[in-house]
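Trainee: One predicted model, sequence on top.
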Amino acid sequence: GLDISELLPQTGRVTLDPGFGNTAACTSEITYIDGDAGVLLYRGYPIEELAEGSSFLEVSYLLIYGELPSREQLDQFTDRIGRHSMLHEDLRRFFDGFPRDAHPMAVLSSAVSALSTFYQDSLDPFDPEHVEASTIRLMAKVPTIASYAYKKSIGQPLLYPDNSLEYVSNFLRMTFGVPAETYQSDPVLSRALDVLFVLHADHEQNCSTSTVRLVGSSQANLFTSVSAGIDALSGPLHGGANQAVLEMLEQIRQEGGDVASFVRRVKDREAGARLMGFGHRVYKNYDPRAKIVKQAAQDVLARLSQSDQLLDLAMELEEVALKDDFFVSRKLYPNVDFYTGLIYRAMGFPAKMFTALFAIGRLPGWIAQWREMIDDPATRIGRPRQVYVGPQRRPYQPLEKRG
Ligand code: ACO
């Protein structure tokens, strides 16, 4: 065995903290979470009030620029985003190259990375004008790219954005509209999706946001940093959980709807089963976003006059889990993703698109955090340390002498 203390004189003291459970990598003024009390504030404003009173673009402005916009500031921001929502025709052709069953998150990340090849306005990725232009371009183009990823997967022609519509309705039209047919957006559904985007807009130093900051700390540009964030978000323990929840509920239904026996399997850790959509690194109480989403799920399904067996199963699962000592003792509560998939599904999105919706929502948070990082004089290139536990120095054997 290696005596780790031998390393200390060279490396100084290091803290071993897998998963960064207790290590802060930056200071931030953007988002505050009190995980024990179930509190979430963006720039000091409670998430409940923002979800009730503000649109997604207002909240995006708040996160990126630090203050809620005046009417004039909001109109300008909306107008600038509207003027950048089209994709370059050459970028549009990229979509022909992906296989039809490509996962939308992989398409989204590739296309966002490719944006950096189209917009090389400045050699300095931190040039304020370039940062501002990239901010607007990302906010404008990511929904277009996400809807194209979907259209491509179902073999339908792509629709150009209609910038007379507001942000979310425009996205819904590009996703569900068919060329040469008029698309009637439903204000209740647009509003519900807008609220979901607000709830996802930032969540301080989660896995994807930390990735955006880490990549950006090498002075990589905003497009490539966000593209890396999209990749980090795609995993089932992070943004991919919303798709995983739906698949889990579907599996329970197909196996006869026996919630209690599924919970037993999770507790027995059968085949690594987890209750997807439950638990959170920071919330050790009910996720305040999950409360709002649960209500929205009930409203949207009522609006669509759909009764949903999967919603009933989800509510039953929650009830069983919250009474069970396994979950209570580990402080496992529903997180934001437990009910979102049910709403997306009722709106007509296939499960594969759910995480792309999360990415649209999280985009202003990634941008705000990247901008805060580059403006912070304390920023250094991200470079975690390690504790080496491999072999000590040993004699080299030439190939002929190896057995
Ligand atoms: N189902 C069953 N058991 C769980 C779950 C779950 N969903 N989550 C945690 N546990 C258990 C663990 O097995 C562990 O038990 P042990 O102490 O007996 O070994 C204990 O609770 C602590 O769990 P950790 O894995 O240490 O918690 P961590 O903070 O590392 O993970 C995470 C948090 C990844 C969210 C986890 O709760 C999980 O996998 N949940 C399911 C996936 C999910 O919903 N992800 C979305 C997260 S929110 C987001 O990205 C928006």
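Mentor: Okay, I see it. Note that this is a predicted model, so its numbers are computed, not measured. Residues are numbered from 1 along each chain as shown.
Trainee: Going by neighbour count, which residues of stretch 83-97 are buried?
Mentor: Buried residues in stretch 83-97, counted by 16 or more other Cβ atoms under 10 Å: His84, Ser85, Leu87, Leu91, Arg92, Phe94, Phe95. C-beta: built from backbone N, CA, C; applies to glycine.
Trainee: how about the nearest residue to the fifth one, chain neighbours excluded?
Mentor: Which is Arg92. Leu158 (6.6 Å; Cβ to Cβ, 6 or more residues apart in numbering).
Trainee: residues touching that neighbour, list them.
Mentor: Taking Cβ atoms under 8 Å, 6 or more residues apart in numbering, we find Leu158 in contact with Arg92, Phe95, Ser147, Tyr148, Lys151, Lys152, Met174.
Trainee: Please identify which of those residues is nearest to the ligand.
Mentor: Top of the list for closeness to the ligand, among these and by Cβ to the nearest ligand atom, is Ser147 at 22.2 Å.
Trainee: Met174 is in contact with the closest one, correct?
Mentor: Yes - here Ser147 lies in contact with Met174, judged by Cβ atoms under 8 Å, at a distance of 3.8 Å.
Trainee: Give me the common contacts of the two.
Mentor: Leu158, Leu159.
Trainee: mind listing what the closest residue to the ligand within the stretch 101-250 of the chain touches?
Mentor: Nearest residue of the stretch 101-250 of the chain to the ligand, counting by Cβ to the nearest ligand atom: Ala241, 3.5 Å away. Taking Cβ under 8 Å, 6+ apart, we find Ala241 in contact with Met276, Gly277, Asn335, Asp337.
Trainee: Run a quick neighbour tally on the last one.
Mentor: Read that as Asp337. The number of residues packed near Asp337 is 28, by other Cβ atoms under 10 Å.
Trainee: Tell me the secondary structure at Glu132.
Mentor: helix (DSSP: H, G, I helix; E, B strand; the rest coil).
Trainee: and what of the one 3 residues further on?
Mentor: Here Thr135 is helix, with the state taken from three-state DSSP.
Trainee: quick one: it and Ala368 touch, right?
Mentor: No - using Cβ under 8 Å, Thr135 makes no contact with Ala368, being 9.1 Å away.
Trainee: list residues touching both of the two?
Mentor: Ile64.
Trainee: Same drill for these two, tell me which one is more crowded.
Mentor: Ala368 (27 against 23).
Trainee: Next to the ligand, which bits of the stretch 151-300 of the chain? Give me the list.
Mentor: 237-239, 241, 266, 274-281 (Cβ under 6 Å from any ligand atom).
Trainee: And for the closest residue to the ligand within the chain, the neighbour number?
Mentor: In the chain, the residue found nearest to the ligand is Gly279; the distance is 2.4 Å by Cβ to the nearest ligand atom. For Gly279, the neighbour count with other Cβ under 10 Å is 19.
Trainee: Let me know how buried Pro187 is, in neighbour terms.
Mentor: 9.
Trainee: Phi and psi next, for it.
Mentor: phi -60, psi -30 (degrees, to the nearest 10).
Trainee: And the helix or strand encompassing Lys294, what's buried?
Mentor: For Lys294, the host element (DSSP states H and E) is helix 288-303. Buried residues in helix 288-303, counting neighbours by 16+ other Cβ under 10 Å, are found at Pro288, Arg289, Ala290, Lys291, Ile292, Val293, Lys294, Ala296, Ala297, Gln298, Val300, Leu301.
Trainee: and if you look at stretch 46-53?
Mentor: Ile47, Leu50, Ala51.
Trainee: Quickly find the element holding the closest residue to the first one other than its chain neighbours.
Mentor: Taking Cβ to Cβ, 6+ apart, and ignoring the residues beside it in sequence, Ile47 has Leu40 as its nearest neighbour in space, at 4.3 Å. The secondary structure element spanning Leu40 is strand 39-42 (assigned by DSSP H and E).
Trainee: cool, and Ala232?
Mentor: Judged by DSSP H and E, Ala232 forms part of helix 222-233.
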